[in-house]
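Student: What would the 3D arrangement of this be:
(chains A and B)
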2 protein chains.
Amino acid sequence: MDKKYKRNQRIGALMKIFAEKPNYVFSYNYFSEFFNAAKSTISEDIHIVKEIVSELDCGRIETISGASGGAIFIPILGKKEKEETLNELCDLFSQKNRIIAGGFIYMTDLFNNPNVVTNIAKLISTEFSDVKIDYIVTVETKGIPVAILTAQKLNVPVAVIRRNNKVTEGATVSINYVSGSSNNIQTMSLSRRSLKENSRVLLVDDFMKGGGTAKGMWDMMREFNADVVGTAVVVETLEPKKKLVDNYLSLMILTNMSEKDGIIEIKPNYKLLR
Amino acid sequence: MDKKYKRNQRIGALMKIFAEKPNYVFSYNYFSEFFNAAKSTISEDIHIVKEIVSELDCGRIETISGASGGAIFIPILGKKEKEETLNELCDLFSQKNRIIAGGFIYMTDLFNNPNVVTNIAKLISTEFSDVKIDYIVTVETKGIPVAILTAQKLNVPVAVIRRNNKVTEGATVSINYVSGSSNNIQTMSLSRRSLKENSRVLLVDDFMKGGGTAKGMWDMMREFNADVVGTAVVVETLEPKKKLVDNYLSLMILTNMSEKDGIIEIKPNYKLLR
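Tutor: Numbers count the residues shown, from 1 in each chain, chains lettered A, B, ... in the order given. As a prediction, this is how the structure comes out:
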């Protein structure tokens, strides 16, 4: 095919390609073939795209020069968008009708809504955009959408720790851990094949109260000789202040909650907005 | 802010915005404010973007005219890309080292790889791009990434059926079903709040052998008065030919498998390529 594209068209197409596959190195050769255009032309196009990304304050395009050169889009939320996104999330998570019997908060619909989870993923991937990560690790079930959409932004695979052993997982490593909130001993297992030894991992979960699950994930990672480079949770509770893990980042903090009075207060973690 | 964008920049930004939020109606007002530009200018830009999407054969932009007008990007894989994507998936899923003890195939890494799952989601959403869908429904665990990324393409929420009741789900509906492969009676539950009555749902799952799980999902949908508009599975087995559900679409078919001889044959479902 000898189809030729105009500059406008190449710029538009490039932005689509970068947006759909962030943190992935596309070679100039790839673009050159795709657009049936000289590398010098592509190089000019990338320069324009670089400016657009900077104007939009939505991250940066990095170029790798040389014969095997290429370009990569690293999405990073700008300060304004970060603040707006976080406030919007707090409004959604603190809707009064979320209180359910037993003093729990119903959040499942939010963790299963791709628009909401995309915003969560943008915030988490922004915080870890400069960290080398090989895998995102989560525990089933509610954290999986957050893990997969964050992984999509960072272009890394996910490893999902299961609550039960499954025959389709091959050899697994199982550990017992104490659930912080219920004080029950529970089991988690991770397939040997799902995580290479000595990897750098980012732990992700939906909710943290006592930190028992996160502690369990840390213990599991030790079995895989993994280096935990960060722990991100979407919502943490203010109480208990002392969690079972030390270094973690929450997006939002549940500061107050009363079933009787119908109160839920969820605030941004202001550390993110510094 | 009185920032002005050049046409090139607006085109690039528009493509990024559309690519990141497909099947979402953006109003001309939104773009007009975002770019600090007249609606007539935006309208011309959208026209150019429409042409780009058509040139790239990656779907279509639909415009809604009138005072509250807007534009929406409907991603649809072109024939060539569909065929390439499907063949690539078959190659990945039929790698010989996937055979594990008991005659199972290890696919977990693929279902947790955002690039692989994005391709699966593109194929499923292409098939259902003309169908009105309110929710995607799946059963935990392995189908969740497929469900959430397909939902992202179609801009609908997901409802996840759980294998166990959880306190954080509020009131749930539970049903028993017979797992086709093991003949065991199992339970699945779905939170009342996670799915509005009388919705149009697309069922999604990773794997289908006998169709017992899909049948269970159908039964569950009846409890919610839902209208099942489609069932999509990533891989189905050729045998048994007679499944417990009738209308479903698989992307790939496991035609042959022998643990002893180290054979896995997974072929595209050619119906997709017609």
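Student: Would you state the helices of the stretch 151-274 of chain A in chain order?
Tutor: Applying DSSP state H, counting those that start in this stretch to the stretch 151-274 of chain A gives helices spanning A:212-223.
Student: Give the other helices and strands that the helix or strand hosting A:Asn8 contacts.
Tutor: Assigned by DSSP states H and E, A:Asn8 falls within helix A:7-20. Judged by 3 or more C-beta pairs under 8 Å, 6 or more residues apart in numbering or on different chains; DSSP states H and E, helix A:7-20 is in contact with helix A:28-35, helix A:39-56, strand A:70-75, helix B:7-20, helix B:39-56. (Each C-beta comes from the backbone N, C-alpha and C, glycine too.)
Student: which stretches of chain A have low pLDDT?
Tutor: A:1-2, A:180-182 (pLDDT under 70).
Student: which residues does A:Asn115 contact?
Tutor: Residues counted as contacts of A:Asn115 (C-beta atoms under 8 Å, 6 or more residues apart in numbering or on different chains) are B:Lys21, B:Asn155.
Student: three-state assignment of it?
Tutor: Assigned with DSSP: H, G, I helix; E, B strand; the rest coil, A:Asn115 falls in the helix class.
Student: And the strands in the stretch 51-200 of chain A?
Tutor: For the stretch 51-200 of chain A, the strands defined by DSSP state E, counting those that start in this stretch occupy A:59-64, A:70-75, A:99-100, A:104-105, A:135-139, A:158-161, A:172-178, A:185-191, A:200-208.
Student: Any buried residues in the first one, and which?
Tutor: Buried residues in strand A:59-64, counted by 16 or more other C-beta atoms under 10 Å in any protein chain shown: A:Gly59, A:Ile61.
Student: what's the closest residue to A:Gly230 other than its chain neighbours in contact with, if anything?
Tutor: In space, A:Gly230 comes closest to A:Leu202 once its chain neighbours are excluded; the distance is 4.8 Å by C-beta to C-beta, 6 or more residues apart in numbering or on different chains. Applying C-beta under 8 Å, 6+ apart, we find A:Leu202 in contact with A:128, A:131, A:133, A:135-137, A:150, A:154, A:228-232.
Student: And the residues you listed, which is closest to B:Lys260?
Tutor: A:Tyr135 (32.9 Å; C-beta to C-beta).
Student: so the closest one bridges to which residues?
Tutor: According to DSSP bridges, the residues that bridge with A:Tyr135 are A:Val201.
Student: Over to A:Ile64?
Tutor: A:Gly70.
Student: That one reaches A:Tyr28, doesn't it?
Tutor: No: A:Ile64 is not in contact with A:Tyr28 according to C-beta atoms under 8 Å; the separation is 9.1 Å.
Student: Now the buried members of the contacts of A:Leu202.
Tutor: By 16+ other C-beta under 10 Å, those give A:Phe128, A:Ile133, A:Tyr135, A:Ile136, A:Val137, A:Thr150, A:Leu154, A:Val228, A:Val229, A:Gly230, A:Thr231, A:Ala232 as buried.
Student: before we move on, back to that, starting at the chain centroid, how far to the helix holding A:Asn8?
Tutor: 24 Å (C-alpha atoms, centre = their mean, to the nearest Å).
Student: list the buried ones in that helix?
Tutor: Counting neighbours by 16+ other C-beta under 10 Å, the buried set in helix A:7-20 is A:8-20.
Student: Residues of the stretch 151-274 of chain A that sit close to chain B?
Tutor: A:151-152, A:155-160, A:162, A:167-170, A:191, A:193-194 (C-beta under 8 Å from any C-beta of the partner chain).
Student: mind redoing it with 7 Å?
Tutor: A:151-152, A:157-160, A:162, A:167-170, A:191, A:193-194 (C-beta under 7 Å from any C-beta of the partner chain).
Student: Show me which pair in these is furthest apart.
Tutor: Maximum pairwise distance among these (C-beta to C-beta): 28.4 Å, between A:Gln152 and A:Val167.
Student: Of those two, give the one with the bigger neighbour count.
Tutor: A:Gln152 (27 against 11; other C-beta atoms under 10 Å in any protein chain shown).
Student: Neighbours of the nearest residue to that one once chain neighbours are set aside, how many?
Tutor: Using C-beta to C-beta, 6+ apart and skipping the chain neighbours, the partner closest in space to A:Gln152 is B:Pro114 (3.8 Å). By other C-beta under 10 Å, the residues close to B:Pro114 number 24.
Student: residues in contact with B:Pro114?
Tutor: Counting by C-beta atoms under 7 Å, 6 or more residues apart in numbering or on different chains, B:Pro114 touches A:Ile148, A:Ala151, A:Gln152.
Student: wait, which of the residues you listed is closest to A:Ser32?
Tutor: A:Ser32 lies nearest to A:Gln152 out of the contacts of B:Pro114, by C-beta to C-beta, at 26.1 Å.
Student: Distance check, the closest one against B:Val245.
Tutor: According to C-beta to C-beta, to the nearest Å, A:Gln152 stands 30 Å off from B:Val245.
Student: likewise A:Gly211?
Tutor: Using C-beta to C-beta, one obtains 42 Å as the distance from A:Gly211 to B:Val245.
Student: for A:Leu254, same thing?
Tutor: 41 Å.
Student: Excluding sequence neighbours, find me the nearest residue to the most centrally placed residue in chain A.
Tutor: Nearest to the mean C-alpha position of chain A, by C-alpha atoms, centre = their mean, lies A:Thr150 at 2.5 Å. Leaving aside its sequence neighbours, A:Thr150 sits nearest to A:Ala121 (C-beta to C-beta, 6+ apart; 4.3 Å).
Student: got it, and A:Ala214?
Tutor: Once flanking residues are discounted, A:Ala214 sits nearest to A:Val245: 4.6 Å by C-beta to C-beta, 6+ apart.
Student: For burial, what's the neighbour tally of the one you found?
Tutor: 20.
Student: got the contact list for it?
Tutor: A:Val245 neighbours (C-beta under 7 Å, 6+ apart): A:Gly211, A:Ala214, A:Lys215, A:Trp218, A:Thr231.
Student: hmm, try it at 6 Å
Tutor: Neighbour list for A:Val245: A:Gly211, A:Ala214, A:Lys215 [criterion: C-beta atoms under 6 Å, 6 or more residues apart in numbering or on different chains].
Student: quick one: it from chain B, how far?
Tutor: Relative to chain B, A:Val245 is positioned 21 Å away (C-beta to the nearest C-beta, to the nearest Å).
Student: With A:Ala147 instead?
Tutor: The value you get for A:Ala147 to chain B, if C-beta to the nearest C-beta is used, is 8 Å.
Student: My read is that that residue contacts A:Val158, right?
Tutor: Yes: taking C-beta atoms under 6 Å as the definition, A:Ala147 is a contact partner of A:Val158 at 4.8 Å.
Student: Pull up the overlap in contacts between those two.
Tutor: With C-beta under 6 Å, 6+ apart, A:Ala147 and A:Val158 have common neighbours A:Ile136.
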